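Chemist: pasting a predicted model and its sequence here:
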Amino acid sequence: MKPRTASARSGRAAALPREVRIIGGHWKRSKLPVLDSPGLRPTPQRVRETLFNWLGQDLTGWRCLDAFAGSGALGFEAGSRGAAQVLLLEREPTLLANLNAVRERLKADTVTVRRADALTWMRTAPPASFHLVLLDPPFDADWREQAVAAGSGLVRPGGYLYLESPAALGDPLAGFDLWRQDRAGAVHFHLLRRNS
């Protein structure tokens, strides 16, 4: 892999937003910094708005997992909308420090930030323990199938699995119904509901 040149870095920084805003709930309009980190691609506002319209605006009492947290946009959005527990998993130290700083600034007591490899953590976590599992793995790592396989077992009956990927989900996922799907630019996003 070639090292990035200064011009490549500046072009990448220009393409990424420097911050995103929480769009609903208790922390509405709060800013989340977006760091320049390889593979980091925060979920666009329009996609988040669509997702939380699909889920309903109130997640009171839900347990949520944001497995590839990055900027934390999905997980903090869930926490802002009343989720009882939100777990953010991130392995990159700079992103982890940023997530902890945001958590402290928002006084987000229902949000826990944990340094972990998302795939490894999900493979060993208790099954059926979350109402909502959010999967937004790096597109360039081709982790979609592994992430879905690891994350799907963590969804409780009647719960939801959310997936962002560079391509539409092909085959149906056993035990789940494809609840909604859409596309925004290069991002395909899917909401699946586990059969009860």
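Modeler: Cool, the structure landed.
Chemist: what about the helices in the protein?
Modeler: Taking DSSP state H, the helices of the chain run over residues 6-15, 45-55, 73-80, 93-106, 118-124, 144-152.
Chemist: quick check: buried residues in the fourth one?
Modeler: The reference is to helix 93-106. Using 16 or more other Cβ atoms under 10 Å as the test for burial, helix 93-106 gives 95, 96, 98, 99, 100, 102, 103, 106. In short, each C-beta sits where N, CA and C put it, glycine included.
Chemist: what does stretch 29-36 give?
Modeler: Going by neighbour count (16+ other Cβ under 10 Å), the buried part of stretch 29-36 is 30, 32, 34.
Chemist: again, but for stretch 151-163
Modeler: Neighbour counts using 16+ other Cβ under 10 Å place 151, 152, 153, 154, 155, 156, 159, 160, 161, 162, 163 of stretch 151-163 among the buried residues.
Chemist: inside strands: which ones of these?
Modeler: 155, 156, 159, 160, 161, 162, 163 (DSSP state E).
Chemist: need the max-distance pair from these.
Modeler: Largest separation among these by Cβ to Cβ: 156 and 163, giving 17.0 Å.
Chemist: quick revisit: possible to save the ones in strands among the buried residues of stretch 151-163 as a markdown table with pLDDT?
Modeler: Shown next, in a markdown table, are those (pLDDT from 0 to 100):
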| residue | pLDDT |
| --- | --- |
| 155 | 98 |
| 156 | 98 |
| 159 | 98 |
| 160 | 98 |
| 161 | 98 |
| 162 | 97 |
| 163 | 96 |
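Chemist: could those residues go into a markdown table alongside distance to residue 132?
Modeler: Shown next, in a markdown table, are these (distance: Cβ to Cβ, whole Å):
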| residue | distance to residue 132 |
| --- | --- |
| 155 | 8 |
| 156 | 9 |
| 159 | 6 |
| 160 | 5 |
| 161 | 8 |
| 162 | 7 |
| 163 | 12 |
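Chemist: on that earlier part again, looking at the buried residues of stretch 29-36, which one is closest to residue 60?
Modeler: The closest of the buried residues of stretch 29-36 to residue 60 turns out to be residue 30 (Cβ to Cβ; 19.0 Å).
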